[in-house]
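Peer 1: Mind looking at a prediction? Sequence and model below.
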Amino acid sequence: MEIIPPAVHTDLGETDNSFGMPLDAYADDVLRQLATEAPEVATGFSAQAHRASRELLDTMFTGLNKR
């Protein structure tokens, strides 16, 4: 079992995670997927990145680093 988390909006740490997925939505989706006994659980942005091609990953990386 592998859980591949996205950035999640929490109050933990000193980092501004307000851009992340809402915590309740993340938890609901992960629990729903765990019930299916899938070998990998990915949600939100991590689900997109998990299934992406190398070219798309490079484009995502470039876009994320323009912030």
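Peer 2: Yep, that arrived. Numbers count the residues shown, from 1 in each chain.
Peer 1: CA atoms of stretch 24-40 as PDB?
Peer 2: The C-alpha trace of stretch 24-40 is given here as PDB (Å, rounded to 0.1, in the frame of the first residue of the first chain):
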ATOM      1  CA  ASP A  24     -11.400  17.100   5.000                       C
ATOM      2  CA  ALA A  25     -11.600  16.500   1.200                       C
ATOM      3  CA  TYR A  26      -8.200  14.800   1.300                       C
ATOM      4  CA  ALA A  27      -9.100  12.500   4.200                       C
ATOM      5  CA  ASP A  28     -12.500  11.600   2.600                       C
ATOM      6  CA  ASP A  29     -10.900  10.700  -0.700                       C
ATOM      7  CA  VAL A  30      -8.100   8.700   0.800                       C
ATOM      8  CA  LEU A  31     -10.500   6.700   3.000                       C
ATOM      9  CA  ARG A  32     -12.800   6.000   0.000                       C
ATOM     10  CA  GLN A  33      -9.800   4.700  -2.000                       C
ATOM     11  CA  LEU A  34      -8.500   2.600   0.900                       C
ATOM     12  CA  ALA A  35     -11.800   0.800   1.000                       C
ATOM     13  CA  THR A  36     -11.200  -0.400  -2.600                       C
ATOM     14  CA  GLU A  37      -7.900  -2.100  -1.500                       C
ATOM     15  CA  ALA A  38      -6.100  -0.300  -4.400                       C
ATOM     16  CA  PRO A  39      -2.300  -0.800  -4.100                       C
ATOM     17  CA  GLU A  40      -1.700   3.000  -4.600                       C
END
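Peer 1: can you pull the buried residues of it?
Peer 2: Across stretch 24-40, burial judged by 16 or more other CB atoms under 10 Å covers 26, 29, 30, 33. Heads up, the C-betas are built off the backbone N, CA and C, glycines and all.
Peer 1: From the residues you listed, pick the one nearest residue 15.
Peer 2: residue 26 (16.1 Å; CB to CB).
Peer 1: Name the SS class of the closest one, please.
Peer 2: helix (DSSP: H, G, I helix; E, B strand; the rest coil).
Peer 1: who touches it in this structure?
Peer 2: By CB atoms under 8 Å, 6 or more residues apart in numbering, residue 26 lies in contact with 5, 6, 8, 43, 44.
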